[in-house]
Structure formats: structure tokens, C-alpha cells
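Q: here is my input; please provide its structure:
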Amino acid sequence: MAKKAKAYVLDAWAVMSYLEDEPSGEKVEELIASAHEEQIPIYMSVINLGEVWYAFAREISEEEANASVKILRDLRIQVENVGWEITQEAARIKSQHKMSYADAFAAALAKVMKADLVTGDGEFKSLDGEIKILWV
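A: Residues are numbered from 1 along each chain as shown. The predicted model follows:
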């Protein structure tokens, strides 16, 4: 039997799939519902929240970007500010893996929080084993 996560970290990819009603977004929706039921915290880096905001602002409007942030807050996703510990870990990850700096923050937050990272973004494949990844 798989070990139950003590926490989840959502990356921007997972959140965008959920907000844009993509097929993998259904898995994210189920995970959020299950986590709330089992009282498992769900985190997201403020850096990755910024990724979501700018994507909606650029593609649609700032109003839609603000609405997407409200949806995440209503879902009780805990947005984590990043201090030096997470920033240094993100920089270390970025220096050793081919991935965006923003994605490195999601990975760093998962590592520091000892949480499962929820994503479908292939950039994280090289980290499989260093952090626990829940692929959606």
C-alpha cells in the first residue's frame, strides 16, 4: 500500500490544468477534495502562484488572473512566501537540473516541506527520487 502524503505542493502546471478544465485537471480536483477530506495540507509557492497570475493576465485579463487567485484561496491552498531556505534550495536545484527557475521553487518547497509535488510537467522528471512526485 502506498504511503499517504503528509502534504502536497501544487506547481503552476497542475493548477493551470485544474483552472482550465483540462483532463489532468480532474485528477487535481480529486486530489484537492481528498486532501481536504483527510486533512492533508496543500501548499503552493508564491512564485508559482505568480506564474498562474501572469498566464491568465497575459492570455485573458488581469481581472481573470485575480479571479484565478481567489479560486485557489477559496480552495484553501496555502500560499507560501519564500525565504532564504527555499530560495537557496531552489537555486541549488536549478544549478543541478535543467528546468525553469520558477519550477525549481515548486520542487524546493516540496523538498523543504517533505511534501509530494503534484505536477504533469516533464521538467521535473530528473528530480524523481530526490523528491516524491505525484504525476497527474
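Q: now the protein, which segments are flagged as low pLDDT?
A: 1-3 (pLDDT under 70).
Q: need the helices for it, in chain order.
A: 12-19, 23-37, 46-59, 62-74, 84-96, 101-113 (DSSP state H).
Q: so which of these comes closest to W135?
A: helix 23-37 (9.0 Å; C-beta to C-beta). Quick note: C-beta positions are derived from backbone N, CA and C, even for glycine.
Q: in terms of secondary structure, what does that closest one contact?
A: strand 8-10, helix 12-19 (3 or more C-beta pairs under 8 Å, 6 or more residues apart in numbering; DSSP states H and E).
Q: one more time with 6 Å
A: Secondary-structure packing of helix 23-37 (3 or more C-beta pairs under 6 Å, 6 or more residues apart in numbering; DSSP states H and E): helix 12-19.
Q: could you give the angle of the helix it packs on to helix 23-37?
A: Relative orientation of helix 12-19 versus helix 23-37 (axes from the mean of the first three to the mean of the last three C-alpha atoms, to 10 degrees): 90 degrees.
Q: before we move on, the earlier item: just send the helices of the chain back as CSV, with mean neighbour count and distance to L134 too.
A: Compiled in CSV, the helices of the chain are given as follows (neighbours: other C-beta atoms under 10 Å; distance: least, C-beta to C-beta, whole Å):
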stretch, mean neighbour count, distance to L134
helix 12-19, 24, 9
helix 23-37, 15, 7
helix 46-59, 18, 15
helix 62-74, 14, 18
helix 84-96, 15, 18
helix 101-113, 24, 10
